[in-house]
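Q: Pasting the sequence and the predicted model now:
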Amino acid sequence: MTGADPGLFGPESVTWQLHSDPVMWIAGVRALYLQALHPRAVRGVMQNSDFRRDAWGRLMRTAGFVGTTTYGTTEAAERAGARVRKIHRMLTATDPDTGERYGVDEPALLMWVHCAEIDSYLHVARRSGFRLTDAEADRYVAEHRRSARLVGLDPDAVPGNRAEMAEYFEKVRPDLAAGPEAREVDDFLLRPPTHPLLVPAREVLWRRVAHLAYASLPPYAHELYGRTAPAPATVTRQLRLTGLLLRRVPARLRWQLPPKHILRAMARLGPDARPAPYKLGR
C-alpha cells in the first residue's frame, strides 16, 4: 500500500523477518533466565510485581511490546516506548544488603535487559536453523539501537554489532550472580503454577521449552545457576529439530493468535510485506 507507514523497522529489515519466527518464544524464555542473573535488574522486577502470579502477563506484555515496535506504525511504537519509560520512571528497588534505593530506569539496568533480549533472540534463531549471514546478524543488532532508544537508552551507547555485544557481556560478567531472586525465577520457569488439569500439558510441553531455553544459555550462566547443561552439540540438535517442527505449522495459522501484529502490518502495507526468511539476502 503506497504511502503507508512501515514503522520503526520496516519490511526490508532483518528484524521484520526474524521476529516472525516461532522460536522467538524459546528465545524469550532464555532472555528471562539471562536477565535474572543481574541482581540489581531482577530485584527491580521482583520488588515491583508479584512475579509468580504475573509472570505470564509479564511475558505477554514483553511479546506485545516487541510485536508493536516491530510491526506497528511509528506512532504505535513511540507510544509503546513512552508508556514503558513512564512506568520505569515511577519504580524503585532497594538493595537488601546496603539499603540503597535506586530507580529501575538506571541506564546500566536498561542496557542489561536490552542486551539479554537481543542476544537471546539472535542466538536461538541462528542456532535453531534460521539462516542469517554474519553481516545480517550484525545488522540485526544495529537495528535494535532503535528499540533501545524507545526504552530510554542512548542509541550510540548500545552495542551496534556482535563484537560490541560480546565485549559488553564480558564487561558485565563480574556483576552477575544467581541470587535469591534468580532462584525464584528459575523455579518458576521450571514449575510454573497452573490448573491441576493442565499439569500434564505443563510437563510435556512447557518443560521442553524451559529446558531448551535454559540449555541454550552461555556457559557462565550454567555455572552461576549451578546446573550442568547438555553438550552444546546436543542442544543445537534439539533447537534445530524444534525449529523445524515449529516452522512446519503454517505461518498464517500461527499469526492468527492475538494480537495479530503481523496480519495487521500486512493489511496496512500490502501482501508483499509478509515476513519470510528467504527475503533476507536478496
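A: Received, thanks. Numbers count the residues shown, from 1 in each chain.
Q: From now on I want contacts and neighbour counts done on CA atoms only, so please keep to that.
A: Will do.
Q: quick one, strands of the stretch 1-150 of the chain?
A: With DSSP state E, counting those that start in this stretch as the criterion, the stretch 1-150 of the chain has strands at 92-94, 101-103.
Q: How about residues contacting the last one?
A: It stands for strand 101-103. 88-95 (Cα atoms under 8 Å, 6 or more residues apart in numbering).
Q: which of these tops the neighbour count?
A: Neighbour counts for the contacts of strand 101-103 (other Cα atoms under 10 Å) peak at Ala93, which has 20 neighbours.
Q: check contacts around it.
A: Applying Cα under 8 Å, 6+ apart, the residues near Ala93 are 43-44, 47-48, 101-104.
Q: before we move on, back to that, mind putting the strands of the stretch 1-150 of the chain into TSV with mean pLDDT?
A: Below are those laid out as TSV (pLDDT from 0 to 100):
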stretch	mean pLDDT
strand 92-94	97
strand 101-103	97
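Q: Of the contacts of Ala93 - the most surrounded one?
A: Val104 (24 neighbours).
Q: if I look at it, how far off is Met90?
A: 9 Å (Cα to Cα, to the nearest Å).
Q: Next: Ser13.
A: Counting by Cα to Cα - Ser13 and Met90 are separated by 33 Å.
Q: what does Ala36 give?
A: Ala36 is 21 Å from Met90, by Cα to Cα.
Q: re the thing from before, export the strands of the stretch 1-150 of the chain to TSV and tack on distance to Val113?
A: Listed next are the strands of the stretch 1-150 of the chain as TSV, based on distance: least, Cα to Cα, whole Å:
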stretch	distance to Val113
strand 92-94	16
strand 101-103	14
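Q: Rounded mean pLDDT for stretch 145-162, please.
A: Averaging pLDDT along stretch 145-162 yields 98.
Q: Can you give the contact residues for it?
A: 8, 69, 77-78, 80-82, 84-85, 105, 107, 110-111, 114-115, 137-144, 165, 168.
Q: Now the buried members of those.
A: Among these, the ones that count as buried by 16 or more other Cα atoms under 10 Å are 8, 69, 77-78, 80-81, 84, 105, 110-111, 114-115, 137-144, 165, 168.
Q: Now Tyr214: which helix or strand?
A: Under the criterion of DSSP states H and E, Tyr214 resides in helix 207-215.
Q: Which elements pack onto that helix?
A: helix 24-35, helix 180-190, helix 232-247 (3 or more Cα pairs under 8 Å, 6 or more residues apart in numbering; DSSP states H and E).
Q: Just want the angle from that helix to helix 180-190.
A: 140 degrees (axes from the mean of the first three to the mean of the last three Cα atoms, to 10 degrees).
Q: Would you mark the buried spots in helix 207-215?
A: For helix 207-215, a neighbour-count test (16+ other Cα under 10 Å) marks 207-215 as buried.
Q: closest to Gly129 among the contacts of strand 101-103?
A: His88 (35.5 Å; Cα to Cα).
Q: Report the contact partners of the closest one.
A: Contacts of His88 (Cα under 8 Å, 6+ apart): 103-105.
Q: So which residues of the stretch 51-200 of the chain form helices?
A: 51-71, 74-90, 107-127, 134-143, 145-150, 162-172, 180-190, 199-201 (DSSP state H, counting those that start in this stretch).
Q: can you tell me which of those helices the model trusts least?
A: helix 199-201 has the lowest average pLDDT among the helices of the stretch 51-200 of the chain, namely a mean of 65.
Q: what number of residues lie near Ser49?
A: So Ser49, with other Cα under 10 Å, has 12 neighbours.
Q: What residues does it make contact with?
A: Taking Cα under 8 Å, 6+ apart, one finds nothing in contact with Ser49.
Q: That one and Pro22: what is the separation?
A: For Ser49, the distance to Pro22 - Cα to Cα - is 28 Å.
Q: nearest residue to Ala125 other than its sequence neighbours?
A: Val23 (6.4 Å; Cα to Cα, 6 or more residues apart in numbering).
Q: how near is Gly28 to His123?
A: From Gly28 over to His123 (counting by Cα to Cα), the distance is 11 Å.
Q: So between the two, which is more surrounded?
A: Neighbour comparison, Gly28 and His123: the larger count goes to Gly28, with 21 against 18 (by other Cα under 10 Å).
Q: in terms of contact, does the more buried one touch Tyr121 like I think?
A: Yes. When contacts are counted by Cα atoms under 8 Å, Gly28 is listed as touching Tyr121 (7.0 Å).
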